[in-house]
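In: Fold the following.
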Amino acid sequence: MRTTVKVLAVSALAALGLAAGATPALAAAPAPFCESGASQFYCDASSVGTTTWSITWYSGSVGTFTTAGSTLFANCPASSLGHPVRASYSYFDGSTTQYSGTTQFTCRSGPWL
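Out: Next up, the predicted model:
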């Protein structure tokens, strides 16, 4: 019985991405708001000052962008058009680095949504 409970607990944690050995950064900042259109995207963060963006493209590659403020405006690569993209950000609040949650949006070649 005890082994069954342990297996179920490990399975549940693994499904949540919290399995032993994995130490995900806790998100202190909310996920960014992002929208896309005309093969471009715009993301807005709840950050102060310099913001470092992590964009995970459909191919799995990661783009890193640094902006002076809380917004990012960039082009979608052709390989990501019509596919989901994930975005998150981090910033230094004066004493610690804050990490955001992740949001997902679709890189669109058509109208802005």
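
In: need the strands for the protein, in chain order.
Out: Secondary structure of the chain (DSSP state E): strands at 33-37, 40-44, 51-56, 62-67, 71-75, 84-92, 97-99, 103-106.

In: could these go into JSON lines alongside distance to residue 112 and mean neighbour count?
Out: All C-beta spots, glycine's among them, are computed from the backbone N, C-alpha and C. As requested, the strands of the chain are exported to JSON lines (distance: least, CB to CB, whole Å; neighbours: other CB atoms under 10 Å):
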{"stretch": "strand 33-37", "distance to residue 112": "3", "mean neighbour count": "17"}
{"stretch": "strand 40-44", "distance to residue 112": "8", "mean neighbour count": "19"}
{"stretch": "strand 51-56", "distance to residue 112": "18", "mean neighbour count": "20"}
{"stretch": "strand 62-67", "distance to residue 112": "20", "mean neighbour count": "13"}
{"stretch": "strand 71-75", "distance to residue 112": "12", "mean neighbour count": "14"}
{"stretch": "strand 84-92", "distance to residue 112": "15", "mean neighbour count": "20"}
{"stretch": "strand 97-99", "distance to residue 112": "28", "mean neighbour count": "16"}
{"stretch": "strand 103-106", "distance to residue 112": "11", "mean neighbour count": "16"}
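
In: Out of those, which is closest to residue 113?
Out: Judged by CB to CB, the one of those that comes nearest to residue 113 is strand 33-37, at 6.1 Å.

In: what about the closest one, average pLDDT?
Out: Averaged across strand 33-37, pLDDT comes to 98.

In: now that strand against strand 51-56, angle please.
Out: 60 degrees (axes from the mean of the first three to the mean of the last three CA atoms, to 10 degrees).
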